[in-house]
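Asker: below is the structure, and that's it, no one-letter string:
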């Protein structure tokens, strides 16, 4: 399975889940899942819900459980791999039976976390050791922990870029466009591939937020201002996407793109560039091996913008693991989350950013380290407000729809111009923010 981020659902579903919880898990609201003092005394059988069906099917999760049992012999761990994770779990969460450990579904608003999940401790204590605590903090308590993190960037075929005469990373959007033009004129590769048809890759463009301005408060700015104001990060990113397509630097017909098919094409140099995240590097390298090309040709570069002479890239968590507030074995469930985060080696196995602040960067981010790219953690204390505004405005910065419309605008499949399009997004955002009193 691809490690994709799946984002917010409908307000109707949110209301349904919140009301359902009031009658079930609400009685346990505020419960803690305390870290065990003595591993040998922890007992119970726990079920872990996971979207990593591939790792369940190939036995990898069983191997993790066996290692876990060396420290916690009294805990039996079973896995329930769900292909349609978001859809399946939101149904189960209308009851109390949604596993003992689960990844927090995107449909749950942050303010409702205490109704569904047991606290893992305070933000003050956990933030000293872990990244991403802001993303699941409610009233000073943390309700989830991601075992891996990612940073955004352009996956590119270094051989193709070199054939086009480009060896240095572009530092501005204008330079980036010039480089794509060089690829178009000097190679047979598609300079940029949108993955329009599969939709979800377009949501990755929201991760330019913070990377452009190198601002840890970028999420707060979304909650308090206009994301498409002149010079704002999302405007810069969306303008670049528009200009790529309008300049004829993307595939001829975005409606025929194919995500799985794009991997070998990039590996073989038929596609030059895609905006994704560090999680995709391994998939492209594997595609290169299968295609008989050199995995070393797969490169990763930051968004073409600098502050004080340096590129920046923001970190973001994958799914956050949490303890079901209704679990009868909270201590065992907490033990699994702690062990899986700290000891399993899961992040290293996936060449991902570790949630442990003192861990080294993964090998795939060595180019970032060598070239001094600043890796910054965003303050997500207002992340819940942003998602509420986003839902109210129906803009969908975490959904693909508006960027599909942006691509259609750029390729002439719909009428209008870029300024009006982005201006309308900003107006809808402001109306929603004002109506919510933000």
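Answerer: Cool, the structure landed. These numbers come from a predicted model, not from an experiment. Numbers count the residues shown, from 1 in each chain.
Asker: which ones are touching residue 187?
Answerer: 160, 163-164, 269, 272 (C-beta atoms under 8 Å, 6 or more residues apart in numbering). To be clear about C-beta, it is placed using only N, CA and C from the backbone, and glycine gets the same treatment.
Asker: equivalent analysis for residue 148, please.
Answerer: 317-318, 346-347, 350, 352-355 are the contacts of residue 148 under C-beta under 8 Å, 6+ apart.
Asker: go on, residue 319?
Answerer: Contacts of residue 319 (C-beta under 8 Å, 6+ apart): 51, 103-104, 146.
Asker: can you redo those residues as TSV with distance to residue 43 and secondary structure?
Answerer: As requested, the contacts of residue 319 are arranged in TSV below (distance: C-beta to C-beta, whole Å; DSSP: H, G, I helix; E, B strand; the rest coil):
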residue	distance to residue 43	secondary structure
51	27	coil
103	24	strand
104	26	coil
146	27	coil
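Asker: now these as CSV including pLDDT and distance to residue 307?
Answerer: Shown next, in CSV, are those (pLDDT from 0 to 100; distance: C-beta to C-beta, whole Å):
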residue, pLDDT, distance to residue 307
51, 92, 35
103, 96, 33
104, 96, 32
146, 96, 26
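Asker: now render those residues as TSV, adding neighbour count and distance to residue 336.
Answerer: Formatted as TSV, those follow (neighbours: other C-beta atoms under 10 Å; distance: C-beta to C-beta, whole Å):
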residue	neighbour count	distance to residue 336
51	24	16
103	24	13
104	22	15
146	25	14
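Asker: buried set for stretch 294-311?
Answerer: Buried residues in stretch 294-311, counted by 16 or more other C-beta atoms under 10 Å: 297-306, 311.
Asker: return the subset of these lying in strands.
Answerer: 298-301 (DSSP state E).
Asker: picking up where we left off before, and the buried residues of stretch 294-311, which is closest to residue 331?
Answerer: Within the buried residues of stretch 294-311, proximity to residue 331 (C-beta to C-beta) peaks at residue 300, which comes in at 40.2 Å.
Asker: mind listing what that closest one touches?
Answerer: Contact analysis of residue 300 by C-beta under 8 Å, 6+ apart lists 153-156, 278, 281, 364-365, 367-368.
Asker: which ones among those residues map onto helices?
Answerer: 281, 367-368 (DSSP state H).
Asker: helices and strands of the protein: which one bottoms out on pLDDT?
Answerer: helix 11-23 (a mean of 40; mean pLDDT, DSSP states H and E).
Asker: among the ones in helices among the contacts of residue 300, show me the least confident.
Answerer: pLDDT is lowest at residue 367 among those; the value there is 90.
Asker: how close does it sit to residue 286?
Answerer: 19 Å (C-beta to C-beta, to the nearest Å).
Asker: quick check: closest non-adjacent residue to residue 99.
Answerer: residue 49 (4.0 Å; C-beta to C-beta, 6 or more residues apart in numbering).
Asker: report how many residues lie close to the one you found.
Answerer: 21 (other C-beta atoms under 10 Å).
Asker: what comes up buried for the helix or strand harbouring it?
Answerer: Take DSSP states H and E as the rule and residue 49 turns out to sit in strand 44-50. Of all the residues in strand 44-50, those buried under the rule 16+ other C-beta under 10 Å are 44, 46-50.
Asker: again with stretch 339-358
Answerer: Buried residues in stretch 339-358 (16+ other C-beta under 10 Å): 339-342, 344, 346-347, 350-355.
Asker: also stretch 195-208?
Answerer: 195-196, 198, 201-208.
Asker: what sits up against the lengthiest helix in the chain?
Answerer: Longest helix of the chain, by residue count under DSSP H: helix 418-435. Contact with helix 418-435 is made by 223-224, 226-229, 235, 238-239, 242, 389-390, 392-395, 402, 405-406, 409-410, as judged by C-beta under 8 Å, 6+ apart.
Asker: separate out the buried members of those residues.
Answerer: 223, 226-228, 235, 238-239, 242, 389-390, 392-393, 395, 402, 405-406, 409-410.
Asker: so how far is residue 382 from the nearest residue to residue 381 once chain neighbours are set aside?
Answerer: Once flanking residues are discounted, residue 381 sits nearest to residue 134: 5.5 Å by C-beta to C-beta, 6+ apart. Here the criterion is C-beta to C-beta. By it, residue 134 lies 9 Å from residue 382.
Asker: hang on, the residue nearest to residue 99 packs against residue 89?
Answerer: Yes - counting by C-beta atoms under 8 Å, residue 89 is a contact partner of residue 49 at 6.4 Å.
Asker: any common contacting residues for the two?
Answerer: 82, 98, 102-103.
Asker: need those residues in CSV with secondary structure and distance to residue 190, can you?
Answerer: Shown next, in CSV, are the shared contacts of residue 49 and residue 89 (DSSP: H, G, I helix; E, B strand; the rest coil; distance: C-beta to C-beta, whole Å):
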residue, secondary structure, distance to residue 190
82, coil, 34
98, coil, 43
102, strand, 39
103, strand, 34
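Asker: out of these, flag the one nearest to residue 216.
Answerer: Nearest to residue 216 among those is residue 103, at 25.1 Å by C-beta to C-beta.
Asker: for that closest one, give me its contacts.
Answerer: 49-51, 85, 89, 319-322.
Asker: of all those residues, which comes closest to residue 174?
Answerer: residue 319 (36.5 Å).
Asker: and the gap between that closest one and residue 48?
Answerer: For residue 319 relative to residue 48 (C-beta to C-beta), the value is 12 Å.
Asker: now the strands for the stretch 301-438 of the chain?
Answerer: Using DSSP state E, counting those that start in this stretch, the strands of the stretch 301-438 of the chain run over 312-317, 321-324, 374-377.
Asker: and residue 73, how far from residue 178?
Answerer: Noted for residue 73: a distance of 61 Å to residue 178, by C-beta to C-beta.
Asker: mean confidence for stretch 37-48?
Answerer: 96.
Asker: and what of stretch 348-364?
Answerer: 91.
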